[in-house]
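Q: Prediction below, plus the sequence it came from.
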Amino acid sequence: MRTLYLILFLLVGTNAFSFDEEEAGKMLFKANKAYAGNNFNRAGQLYDSLINLGYISADVHYNLGNALYKQNRIAEAILHYEKSLKLDPGMKDAAHNLKLANLKTVDKIESIPDLFIVSWWKNLLNLFHADEWATFSVLVLFFALLGAIIYLFAPIELLKKAGFYLGIALRFLCIVTWLLAARQHAYLQKSTEAIIITPTINVNSSPTNGSTKLFVLHQGTKVSLLDKSEEWIKIRIPDGNEGWMREKDLREI
């Protein structure tokens, strides 16, 4: 049980970072002011500096995406809209702007629909942040312990039964929400997708220069990361096709 509390505590701190809040606030103010003054290049530099210094925020990635979009740097804008949505899947403005940015990309690839259970799981997982799932898990655990106390000390048999079954149900729910928190935390820590940032690239059949060229992709396209071999990355595009490309042509989400 102590291990569970420790893990939950660490998960609640998922979005924490070591950074001077006052300095970050000043830099953010300058970035927002530059953006409001249509100085998108300066705003983008300041937002990027915040991120590089460890300021982890869906809003900052979203603002940086907007600044890059205004400069017609579409692939980079898509990258930061995707990063914003990774941190906050419910950010509607980022999702809307991502759709607009994707309209300006060359590749229009039809996605293979997810199975119902896969789609349902993704929607459930993205319902809350990792720290929110962890907090919910702690609250459920508290009420589960309350149910156990009622079972042990209630003077009435009916209350004992209610406490027993309530405790069992809530302990099960605690495990489920903890697993969701852990899975969301792992998703935030690991990069499984990337955006192509090179204008045009060939995707090869194997991680060598002389291998067969399978298809061509363009900047702004989102790919899944499957494997790595030195400076080569194996990728999959939304229609299921796979191949190898150089790591330098990608930016991980």
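A: Yes, it's here. Residues are numbered from 1 along each chain as shown.
Q: how close does the nearest residue to residue 124 once chain neighbours are set aside sit to residue 238?
A: Using CB to CB, 6 or more residues apart in numbering and skipping residues adjacent in sequence, the residue nearest residue 124 is residue 180, 7.1 Å away. Glycine gets a C-beta too; all of them are placed from N, C-alpha and C. Distance from residue 180 to residue 238, counting by CB to CB, to the nearest Å: 25 Å.
Q: in what helix or strand does the closest residue to residue 163 other than its chain neighbours lie?
A: Of all residues not flanking residue 163 in the chain, residue 150 sits nearest, at 3.0 Å (CB to CB, 6+ apart). Using DSSP states H and E, residue 150 falls within helix 130-153.
Q: Starting from the top strand by length along the chain, tell me the next helix or strand along the chain.
A: Longest strand of the chain, by residue count under DSSP state E: strand 222-229. Using DSSP H and E, the next helix or strand after strand 222-229 towards the C-terminus is strand 232-236.
Q: Pull out the buried residues from that following strand.
A: For strand 232-236, burial by neighbour count (16 or more other CB atoms under 10 Å) applies to 232, 233, 234, 235.
Q: Each with direction, which strands does it pair with?
A: strand 222-229 (antiparallel), strand 242-246 (antiparallel) (DSSP bridges).
Q: Export those as CSV, with columns for mean neighbour count and distance to residue 194.
A: Below are the strands paired with strand 232-236 laid out as CSV (neighbours: other CB atoms under 10 Å; distance: least, CB to CB, whole Å):
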stretch, mean neighbour count, distance to residue 194
strand 222-229, 15, 6
strand 242-246, 19, 10
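Q: Make CSV from these and add mean pLDDT and distance to residue 53 to it.
A: As requested, those are exported to CSV (pLDDT from 0 to 100; distance: least, CB to CB, whole Å):
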stretch, mean pLDDT, distance to residue 53
strand 222-229, 96, 26
strand 242-246, 97, 29
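Q: what's around the residue nearest to residue 163, how many residues?
A: Residue 150: 18 surrounding residues under other CB atoms under 10 Å.
Q: hmm, back to that, looking at the buried residues of strand 232-236, which is nearest residue 218?
A: residue 235 (13.6 Å; CB to CB).
Q: Surely the closest one and residue 246 touch.
A: No. Counting by CB atoms under 8 Å, residue 235 sits too far from residue 246 to count as a contact (10.6 Å).
Q: Would you mind writing the CA trace of the host helix or strand of residue 215 as CSV?
A: For residue 215, the host element (DSSP H and E) is strand 213-218. Taking Å, rounded to 0.1, in the frame of the first residue of the first chain, the C-alpha atoms of strand 213-218 are listed here in CSV:
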residue,chain,number,x,y,z
LYS,A,213,12.4,3.5,-52.5
LEU,A,214,8.9,2.6,-51.4
PHE,A,215,7.1,5.9,-51.4
VAL,A,216,7.6,9.7,-50.9
LEU,A,217,6.4,11.8,-48.0
HIS,A,218,6.4,15.5,-47.4
